[in-house]
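Participant: sequence first, predicted model second:
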Number of protein chains: 2
Amino acid sequence: MPENIRVVVLGAGHMGRSMIKLLQQKAGLALVGVYDHCAARVGLDVRVLLGHEAAVGVQISNDLSALIQQTAPHVALQATCSRVVEAAPDIVTLLRHRVHVISIAEEMVYPACQSPGLAAAMHQLAMAQHVTVVGTGINPGFVLDLLIIALTGVCWQIRTITARRINDLAPYGPTVLQSQGVGLTPEAFHTGLVDGTVVGHIGFPESMHLIAKALGWTLDRIEQHRTPILAQHQRDLPGLTIFPGHVAGCLHTAVAYRQEVPVLTFIHPQQVAPHLEDIATGDYIDIDGEPNIHLAIRPEIPGGLGTAGLAVNLIPLVLQTGPGLKSMLDLPVPAAYLGDIRRLRHRQG
Amino acid sequence: MPENIRVVVLGAGHMGRSMIKLLQQKAGLALVGVYDHCAARVGLDVRVLLGHEAAVGVQISNDLSALIQQTAPHVALQATCSRVVEAAPDIVTLLRHRVHVISIAEEMVYPACQSPGLAAAMHQLAMAQHVTVVGTGINPGFVLDLLIIALTGVCWQIRTITARRINDLAPYGPTVLQSQGVGLTPEAFHTGLVDGTVVGHIGFPESMHLIAKALGWTLDRIEQHRTPILAQHQRDLPGLTIFPGHVAGCLHTAVAYRQEVPVLTFIHPQQVAPHLEDIATGDYIDIDGEPNIHLAIRPEIPGGLGTAGLAVNLIPLVLQTGPGLKSMLDLPVPAAYLGDIRRLRHRQG
């Protein structure tokens, strides 16, 4: 049997810990290291971090280069940030050491959208080093882009696409909740929008331009709107209480125009514990085309599980893909491989 | 601008004609030839065949080798048959001439299921000739396999998958309707099951083994059952009347076992014009796993449009894929590229 695929996880927050748990369920994958920039976590054993749910003891390091040299990983999973500008330095370090990178930084789903220069540089470096870098996640990365694109595969013509994701933010960590304005007063929410501390969903331009690329469309502009979702009743969660009239989340919408026609409309109310006010979660895609397609997934695909699932499930695909900066459009369709990943060589017809 | 992608269509029946129509809507693709083995169609102009819906005049040929030599196609779309044993001779001819092949023969979605020897031979020949051969279609090829596999991409664990496709057979030609027993008495349906003229859906083993391959599962056995769907009221269609008590279609089910556990259950009632008896079509996927996923597409993705759509939409993907016999698992996710396909070079990150 060949050796285990050696994996490091960057980020020991909610998403990183979730990936660590899933990695340990996977035959053929070995967690060999965890990196985190947070000083309070450095030197912690992942067994302690996960409340002894981890089978392997690995100490958390804040020196990425040293960690790579000590552990010689094949693949890194990055769960430290949302923006390409934040993600790129660690990605460059990993690529220089010939480590494949799967990032859940939202903008990495289509990094050329916000940071074309960094995207080109990462692509060139990955090509030179013969490794792959790709961004994924439940959204962007799946519900509002890859799943839509896959559905268009049956279509002759497409006029407009409308999609809604009504989801629960409870699985996410404090960084995500703060960026959605959760817990704020309406006034503080609007101040946060102005000063950039409240951003809502990160990923609409990435999803929309990825769809446009798949369809051969050029988008002229994208308009986004953010409004607070206010709790009608008190929402009590572990470690968090949302008072009536305070912000439970952010209703974020985006419309993409092509020749002044609104061709893509995404509606994404994100909030904590919507079930406490009888709001049902769900993912909805409506393609107005030839044929029309109306898809509903009820309840939503849970974002926390889904993002960690996609990141880990992409490992075998990344190992089989050619080098360079890839998108979900370039990889084969993701799948939950449940066997020993060392047995997975070629999946030829 | 590079030259058009030259395409030949094999089969001038319902599906072949549908592909020809779609090809003519696509910038960058040129229909250069049509092959059919039916003597009555040979020499016919596709403009006549399509009732002048075709923009290009191409005469139908029944000499595939001569057609290839005259037209020098890059890609062939095969819509002539359902079985690998029927599809393989023409595929071999095409591969020998270095033509990529996209087949909608149901068994070609995973040819190693029924014909491992032919699958291996086609793979070797395609590798040697540096071209690609792949099978696709709405089902098998998409609803009950690729779409399910894509959804598992978010999953940590999967216990069972149940899927239903309730569809309308009206878009299909007489070959498909006969194979479903449409129009027969219940007695003739059962006789047909015994003598092999009524087969129901072709593709359950292919879809199930493709899913199993994607998940790393080994299936022990697949059990299939076919029962007639009897019209309660008269169903009048163009050129076809189903009398009350006669067969409107076939309820075909399949269950795949893994270690004596029924892990995959597919329920597929196929019939003509179900709306005439207030039966709603739809595609349903339920994954019992971590997380659970419940997907509904209502109405069904129409099979005729969807199959032609997938076959044509796979052309740019096949041109960018490495050589050999591929499956939908090996290709990037399908998409309806609506621009000029000659502009589509690399879709790099």
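Facilitator: Perfect, I can see it now.
Participant: for the residue most central in space within chain A, helix, strand, or coil?
Facilitator: The centroid of chain A falls nearest to A:Gly137 when counting by CA atoms, centre = their mean (2.6 Å). Judged by DSSP: H, G, I helix; E, B strand; the rest coil, the three-state class of A:Gly137 is coil.
Participant: now it: how far from chain B?
Facilitator: Spatial separation of A:Gly137 from chain B under the definition CB to the nearest CB, to the nearest Å is 10 Å. Yep, even glycine has a C-beta here, placed from its N, CA and C like the rest.
Participant: which ones are touching the closest residue to A:Leu31 other than its chain neighbours?
Facilitator: Of all residues beyond its chain neighbours, the one nearest A:Leu31 is A:Leu23 (4.9 Å), with distances taken as CB to CB, 6 or more residues apart in numbering or on different chains. For A:Leu23, the residues meeting the contact criterion (CB atoms under 8 Å, 6 or more residues apart in numbering or on different chains) are A:7, A:9, A:29, A:31, A:77, A:312.
Participant: what score does the nearest residue to A:Ser207 once chain neighbours are set aside have for pLDDT?
Facilitator: Leaving aside its sequence neighbours, A:Ser207 sits nearest to A:Asp145 (CB to CB, 6+ apart; 4.0 Å). Predicted confidence (pLDDT) at A:Asp145: the value is 98.
Participant: might one say that A:Asp145 is in contact with A:Ile211?
Facilitator: Yes. Using CB atoms under 8 Å, A:Asp145 and A:Ile211 qualify as a contacting pair, with a distance of 5.8 Å.
Participant: among the contacts of A:Leu23, which are in strands?
Facilitator: For the contacts of A:Leu23, the ones inside strands are A:7, A:9, A:29, A:31, A:77, with DSSP state E as the criterion.
Participant: name the residue of the stretch 51-200 of chain A that lies nearest to chain B.
Facilitator: Scanning the stretch 51-200 of chain A for proximity to chain B using CB to the nearest CB identifies A:Gly153 as nearest, at 2.8 Å.
Participant: skip the chain neighbours and tell me the closest residue to that residue.
Facilitator: Nearest non-adjacent residue to A:Gly153 (CB to CB, 6+ apart): B:Pro334, at 2.8 Å.
Participant: pull the number of nearby residues for that neighbour.
Facilitator: By the measure other CB atoms under 10 Å in any protein chain shown, the count of residues near B:Pro334 is 27.
Participant: kindly report the same for A:Glu290.
Facilitator: Taking other CB under 10 Å as the neighbour definition, A:Glu290 ends up with a count of 17.
Participant: let me know whether A:Met127 touches A:Pro323 as I believe.
Facilitator: Yes. In this structure, A:Met127 is within contact of A:Pro323 by CB under 8 Å, at 5.2 Å.
Participant: put the alpha carbons of the lowest-mean-pLDDT helix or strand in chain A into PDB.
Facilitator: Ranked by mean pLDDT, DSSP states H and E, the weakest helix or strand in chain A is helix A:46-49, scoring a mean of 86. Listed in PDB are the C-alpha atoms of helix A:46-49, where the atom choice follows Å, rounded to 0.1, in the frame of the first residue of the first chain:
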ATOM      1  CA  VAL A  46      -5.200  19.300  18.600                       C
ATOM      2  CA  ARG A  47      -6.500  16.700  21.000                       C
ATOM      3  CA  VAL A  48      -7.000  19.400  23.500                       C
ATOM      4  CA  LEU A  49      -8.300  21.800  20.900                       C
END
